[in-house]
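>>> just to be clear, the model below is a prediction. Sequence and coordinates:
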Amino acid sequence: MSKARKITLGTKEWADSNVNCYSGCSNNCKYCYAKKMAIRFNRKTNESWNEMVPNQKAIEKGYMKRKGRVMFPSSHDITEESLDNCLVVLEKLFKSGNNVLITTKPRFECIQVICKKFIKYKNLLQFRFTITSINNGLLEFWEPNAPLFEERLKSLKYAYEKGFKTSVSIEPFLDKNPFTLVEKLLPYITESIWVGKMNYMSSSNINVNDKKYYYSIYEINSNKNLLEITKKALKFGKIIRLKDSIFNSLGLNKLKRN
């Protein structure tokens with residue numbers, strides 16, 4: 001068996017550094033690693049995580065030009081509640097000439113505002129929208145306070161039609177076959193679509209009715225299904241990027257393409 005390759009941790013597969021300006025995230029996703037770490041190090045509790053508390057130091061500070069690309073945000077989302085402060089931080093990053101990857105489970109109104117406000121920085125901005133399923137039932141369970149599929153797709157279309165660079169993260173993919181979703185997204189992508197497995201899921205307070213969702217993830221994350229996904233990804237060309245976690249689970253090197 002091949003030796004498992006080292007996983008690129010955190011933001012390093014996507015960006016050279018990250019910036020956040022809130023603690024906690026109202027999406028309250030059941031698989032959120034940032035939530036797990038915040039609870040582990042006593043920064044938040046399971047009950048308080050969905051309360052988004054502004055980090056005034058991060059909001060008020062100045063931002064110099066950084067090496068490489070900056071991801072914003074990485075441990076919270078851009079919501080109607082956090083939008084104003086996020087705009088303040090984004091404007092400072094752009095004015096310093098930073099290339100910024102905006103990662104979000106997009107709220108349409110927020111994306112409209114961002115596109116209009118930062119149109120002159122279009123060359124420095126790439127959106128990476130997290131769209132993990134076409135099934136709203138799955139989204140409502142795993143990402144209880146995040147937008148439904150239709151709003152996320154509408155946001156993607158809007159940014160694409162306004163001429164911004166667009167990409168999508170399907171991580172974690174919640175459908176056994178994520179390529180049905182890929183085909184719906186492809187017309188509005190200028191950069192890439194990333195597919196990744198679920199690496200962590202909260203197992204606290206699981207009731208009988210919820211067990212089916214967890215059992216489904218075990219099947220989705222099985223080596224058999226992951227191997228099938230790596231094969232299907234080849235058909236879509238270089239626009240599909242598989243996350244390191246998939247290759248590590250299979251003990252493979254990165255996907256080789258012609």
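Structure's in. What do you need?

>>> next structured bit after the helix or strand hosting V100?
Using DSSP states H and E, V100 sits within strand 99-104. Next along the chain after strand 99-104, taking DSSP H and E as the criterion, comes helix 108-117.

>>> next structured bit after that next one?
Immediately after helix 108-117, counting by DSSP H and E, sits strand 125-130.

>>> how about the strand holding V100 as CSV, C-alpha atoms only?
This file holds the C-alpha atoms of strand 99-104, laid out as CSV (Å, rounded to 0.1, in the frame of the first residue of the first chain):
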residue,chain,number,x,y,z
ASN,A,99,-5.2,39.5,-3.5
VAL,A,100,-8.2,38.2,-1.5
LEU,A,101,-10.1,35.0,-1.7
ILE,A,102,-13.5,35.6,-0.2
THR,A,103,-14.9,32.4,1.2
THR,A,104,-18.5,32.2,2.2
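
>>> what angle separates that strand from strand 125-130?
30 degrees (axes from the mean of the first three to the mean of the last three C-alpha atoms, to 10 degrees).

>>> can you list the strands that strand 99-104 pairs with?
Paired strands of strand 99-104, with direction, are strand 69-72 (parallel), strand 125-130 (parallel) (DSSP bridges).

>>> for the residue nearest in space to the middle of the chain, give me its contacts.
Closest to where the C-alpha atoms of the chain average out (C-alpha atoms, centre = their mean) is T130, at 4.2 Å. T130 makes contact with 103-105, 152, 168-171, according to C-beta atoms under 8 Å, 6 or more residues apart in numbering. To be clear about C-beta, it is placed using only N, CA and C from the backbone, and glycine gets the same treatment.

>>> want to try CSV for these, with pLDDT and neighbour count as columns?
Shown next, in CSV, are the contacts of T130 (pLDDT from 0 to 100; neighbours: other C-beta atoms under 10 Å):
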residue, pLDDT, neighbour count
T103, 98, 23
T104, 98, 25
K105, 98, 23
R152, 98, 26
V168, 98, 25
S169, 98, 22
I170, 98, 23
E171, 96, 22
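
>>> show me the beta-bridge partners of the residue nearest to the centre of the chain.
S169.

>>> okay, now N46: neighbour count?
Residues near N46, counting by other C-beta atoms under 10 Å, number 14.

>>> meant to ask about K212
For K212, the count of nearby residues is 9 (other C-beta under 10 Å).

>>> so how far is I134 from it?
Distance, K212 to I134, using C-beta to C-beta, to the nearest Å: 18 Å.

>>> now do the helices in the stretch 1-150 of the chain.
All helices of the stretch 1-150 of the chain, identified by DSSP state H, counting those that start in this stretch, fall at 33-40, 56-60, 83-95, 108-117, 136-142, 149-161.

>>> tell me which of those helices sits nearest to G24.
Among these, the nearest to G24 by C-beta to C-beta is helix 33-40 (7.4 Å).
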